[in-house]
Structure formats: C-alpha cells, structure tokens
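**Q** coordinates only, sequence not included:
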C-alpha cells in the first residue's frame with residue numbers, strides 16, 4: 001500500500017495559475033491529462049515556479065494547459081518521496097536533457113534586431129535610427 005496518493009490526486013493548479021502555489025516545501029508533478037511528465041522537489045513551491053524560471057517551464061507551457069500537482073511536505077520527506085516517485089513512475093523529463101529552447105529564442109531575437117537594423121539603415125541611411133530600431137526590436141521580442 002502506498003503511503004501517499006497518486007500525484008494526480010494531489011492538490012493542483014494550472015500552469016498559468018502557478019502564482020497560487022503555496023510558499024512551502026513539497027513534491028510537485030507536471031501532469032497533462034493522465035501522463036506524468038516531470039516530478040520534482042522544492043523547498044518553496046511558489047518560488048520554484050515563479051515567472052518562467054523553472055528549467056522545464058518552456059516544455060510544460062508547450063503541452064497546452066498542463067497542471068502542477070503538489071503535495072506539501074517537510075524538506076527531507078519531500079526529497080525522499082521525490083526519489084521514490086521518479087523511480088516508480090519514470091517521468092520522461094526526469095530522464096531527458098533540457099531542450100535548447102532558450103538558445104533558439106536568443107538567436108531569433110538577435111536575427112530580428114539585425115534585420116531591423118539593416119532595413120532601417122538601408123531605407124533611411126541613418127545608422128542612429130537603425131541602432132534605435134534594433135534596441136526596440138530586442139526589447140519587444142525579449
């Protein structure tokens with residue numbers, strides 16, 4: 001018999017509602033429909049998922065409205081349970097490299113800025129206007 005219920009039975013929030021995660025330690029799982037993609041531990045669930053800082057955020061966001069299921073526990077108990085659950089459920093993201101999505105996005109921003117710079121410089125013959133347009137493009141696509 002399991003000491004804890006299946007992660008799908010834990011309290012959950014949608015990824016876009018992650019700001020409502022509690023500021024306590026615990027175990028969490030990224031789940032879409034019935035599939036567990038990732039299991040992790042955090043000493044502060046809210047801080048772990050704040051903004052887009054989690055290393056698996058981009059993957060989770062691409063799933064289209066996944067849920068973050070969580071079980072508040074003391075740190076040591078959460079670490080122990082995380083290891084057991086990863087072993088038991090073998091979530092695919094726990095065994096895979098993080099995709100280089102951020103590098104692609106960075107390169108896209110640089111190319112967009114360079115394109116704006118080039119187009120505006122050619123059309124206006126003004127280097128200053130081209131530099132300003134590139135700065136605006138970088139800010140907009142950041």
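**A** Yes, it's here. On a predicted model such as this, the values are computed, not experimentally measured, just so you know. Residues are numbered from 1 along each chain as shown.

**Q** Find me the pLDDT at the spatially most central residue of the chain, would you?
**A** Compute the mean C-alpha point of the chain, and by C-alpha atoms, centre = their mean the closest residue is residue 57, 1.0 Å away. Residue 57 carries a pLDDT value of 92.

**Q** do you know how far it is from residue 88?
**A** Taking C-beta to C-beta, to the nearest Å as the measure, residue 57 falls 24 Å from residue 88. Where C-beta positions appear, they are placed from N, C-alpha and C, glycine not excepted.

**Q** Contacts only, for the residue nearest to the centre of the chain.
**A** Residue 57 is in contact with residue 49, counting by C-beta atoms under 8 Å, 6 or more residues apart in numbering.

**Q** Correct me if wrong: residue 58 contacts residue 15.
**A** No: counting by C-beta atoms under 8 Å, residue 58 stays clear of residue 15, with 11.1 Å between them.

**Q** Assign residue 97 to helix, strand or coil.
**A** coil (DSSP: H, G, I helix; E, B strand; the rest coil).

**Q** From residue 55, how far off is it?
**A** For residue 97 relative to residue 55 (C-beta to C-beta), the value is 11 Å.

**Q** Looking at the two, which one has more neighbours?
**A** residue 55 (11 against 6; other C-beta atoms under 10 Å).
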